[in-house]
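S.K.: from the sequence below, what's the structure:
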Amino acid sequence: MNYDYLTEIELIKEVSTLAKQMTALSSQAEKLSELQKGEKVPSGIYGEIFTDLENKIQSARKRIDAVLLATTNRAKEVDEEASRLRTQLELLEVRHAIGTVPDNKYKVASEQTVKQLQSNENVVNEMEGLITSMQGCLNTFNRLVSEAQPSLVKAMAIERGERLPPSDKEIPADVPPQPSPKPPDEDKSCMRCGGKVPSTAHFCSNCGSRI
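M.R.: Residues are numbered from 1 along each chain as shown. You can find the predicted model right below:
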């Protein structure tokens, strides 16, 4: 859809609707992230819900980009018109001051110009506020997606039935480390005959001498 042909009021309504949608999705993603950090939601359920939220935002990306572009361009046009109106008002005041514009015409023209100028400034402020709000929501969601990647990978592995290595939290802290097996003892030599005897022997099996 081409949003360039919408009026200012229609465009603001469109941006407002999208901004509310993005705010809701961003808020849901933040709450889900807090539950996951507090280990209050199973990994599989977390991955399913977060992926669903991400898909909803991704499906609206083209619409969001088009609306933001149209709104930014329209805000620029309205701001430029406001600048022309301010110049027009200054010229009107000077012409009235030197007497080329009578009082009655000056009053009507100045009131109309000021009214239009205020309307334009209100439109620009509202558009810029909505743009900032929507971009803030998108930035928040992008950050949450980045932070969620390890958990999403884990959730996908669980869904596929893969066995995961235990985390540090899953290993009891009070279990002592297991000693490594000792290498087998080497044989000893008899001091009398020089024969080889087991390291655990107390007497030489060749000459009977005490080891």
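S.K.: give me the element the residue nearest the centre of the chain is part of.
M.R.: Residue closest to the mean C-alpha point of the chain, counted by C-alpha atoms, centre = their mean, is residue 143 at 2.0 Å. Element membership for residue 143 (DSSP states H and E) is helix 103-159.
S.K.: distance from the chain centre to the helix or strand encompassing residue 45, please.
M.R.: Residue 45 belongs to helix 43-59 when assigned by DSSP H and E. How far helix 43-59 lies from its chain's middle: 13 Å, per C-alpha atoms, centre = their mean, to the nearest Å.
S.K.: can you check stretch 28-38 too?
M.R.: 12 Å.
S.K.: what's the neighbour count on residue 14?
M.R.: Neighbour count for residue 14, taken as other C-beta atoms under 10 Å: 19. (Glycine included, C-beta is placed from N, CA and C.)
S.K.: if I look at the nearest residue in space to it that is not next to it in sequence, what pLDDT would I see?
M.R.: Distance criterion C-beta to C-beta, 6 or more residues apart in numbering; nearest residue to residue 14, sequence neighbours excluded, is residue 67 at 5.7 Å. Residue 67 is assigned a pLDDT of 89 by the prediction.
S.K.: what helices or strands is the helix holding residue 45 leaning on?
M.R.: helix 8-37, helix 103-159 (3 or more C-beta pairs under 8 Å, 6 or more residues apart in numbering; DSSP states H and E).
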